[in-house]
Structures are given as structure tokens and as C-alpha cells.
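Student: Could you look at this predicted model? Sequence included:
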Amino acid sequence: MEKFILIYNQMKTFFAAPLILSLTIVSVTPTNLKADSHAIEVSMQDCMHAKMFALHVIERRNENRPIKDYEKIVFESPAALEIIDDAYKTENLNAKSNRRKMEINFSEKWMNQCFEFSCSGFWADLEIALAKIKN
């Protein structure tokens, strides 16, 4: 009988370990996936804001808005100043069809840079920056 109890206890331990391990994995994984999913969503939103901000800046630059107008604005996002600086260094095209294509390419360039160098602090708050320059 003692042998039976000893074997029974060993079997419980043998079967309990994988069960506990699998329950631990199941309980931890969804939390990490949810956090990762949220981080990706925030990053995508930041990059879309970068695209919209860049498009607005380059369009206003092409409408002859002076760069000094931006000097009065305090931006929380470091990317805002980089985008503005780059927009005013970009060649100004006269033909409307070429200009529109250039504006779209410029905004997509900044969106792609955001996706490539996803550093949330750098790209954050461009939605706020866009609201500031639209007023």
C-alpha cells in the first residue's frame, strides 16, 4: 500500500507540473499580447499624425507661409520641429501637379520614418502640434 501511495504522489507531481506551467503561460500571454497590441496601435496613430502634420506643413510652405510663423509656437513633440525644418529645405515646385505629388511624397516620407524609427517620445503629440498650426 505504501508503494501505491508513493507512486500516486509521484504521478500527481508529474502531471501537476505541466498543468501548472500551461496555466501560467495562458494567464500571462494575453496580458503581454494586449500590451503589445496597444503599443502598436499608439505607434500607428503617432505615424499617421506625423503624416498629417507633414502634409499640412508642406502645403502651407507651398502657399508661402513663412517659417517664422512656426517660431511663435511651442511644440511638445520634437518631431514637429524636424518636419518643419525639412519642409522649408525642400525644393518649392511651381507646377500644381508636381507640387501635389511632392507634398504627398513628403508626408509619406515622414510617416515611413516614424514607422522605421518608432520612438514614442519623439513622435508623440503631433496631433496637438497639428491643431496648433491649423489655428
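Tutor: Looks like it came in fine. Numbers count the residues shown, from 1 in each chain.
Student: rest of the way, CA atoms for contacts and neighbours
Tutor: OK.
Student: Show me where this structure has its helices.
Tutor: Assigned by DSSP state H, the chain shows helices spanning 2-62, 68-71, 78-89, 96-116, 120-123, 126-134.
Student: Identify each buried residue in the fourth one, please.
Tutor: Of the residues in helix 96-116, 99-100, 102-104, 106-108, 110-112, 114-115 count as buried by neighbour count, 16 or more other C-alpha atoms under 10 Å.
Student: burial count for Lys89?
Tutor: 9 (other C-alpha atoms under 10 Å).
Student: residues touching it, list them.
Tutor: Counting by C-alpha atoms under 8 Å, 6 or more residues apart in numbering, Lys89 makes contact with nothing.
Student: Pull up the gap between the nearest residue to Ser118 once chain neighbours are set aside and Trp110, please.
Tutor: Distances taken as C-alpha to C-alpha, 6 or more residues apart in numbering put Ser43 closest to Ser118, at 6.8 Å, once the chain neighbours are dropped. Noted for Ser43: a distance of 13 Å to Trp110, by C-alpha to C-alpha, to the nearest Å.
Student: quick revisit: what about the residue nearest to Ser118, how many residues nearby?
Tutor: Neighbours of Ser43 using other C-alpha under 10 Å come to 19.
Student: for Glu63, same thing?
Tutor: Using other C-alpha under 10 Å, Glu63 has 10 neighbouring residues.
Student: dump the residue contacts of it.
Tutor: Contacts of Glu63 (C-alpha under 8 Å, 6+ apart): none.
Student: Need the phi and psi values for it.
Tutor: Per-residue torsions, Glu63: phi -90, psi 10 (degrees, to the nearest 10).
Student: any idea of the pLDDT on it?
Tutor: Per-residue confidence (pLDDT) for Glu63: 90.
Student: now do the one 4 residues further on
Tutor: Each residue has a pLDDT score; the one for Ile67 is 94.
Student: What of the one 10 residues further on?
Tutor: Here, the pLDDT recorded for Ser77 equals 90.
Student: Which pLDDT does the model give the residue nearest to it when sequence neighbours are not counted?
Tutor: Using C-alpha to C-alpha, 6+ apart and skipping residues adjacent in sequence, the residue nearest Ser77 is Asp125, 5.4 Å away. As predicted, Asp125 sits at a pLDDT of 87.
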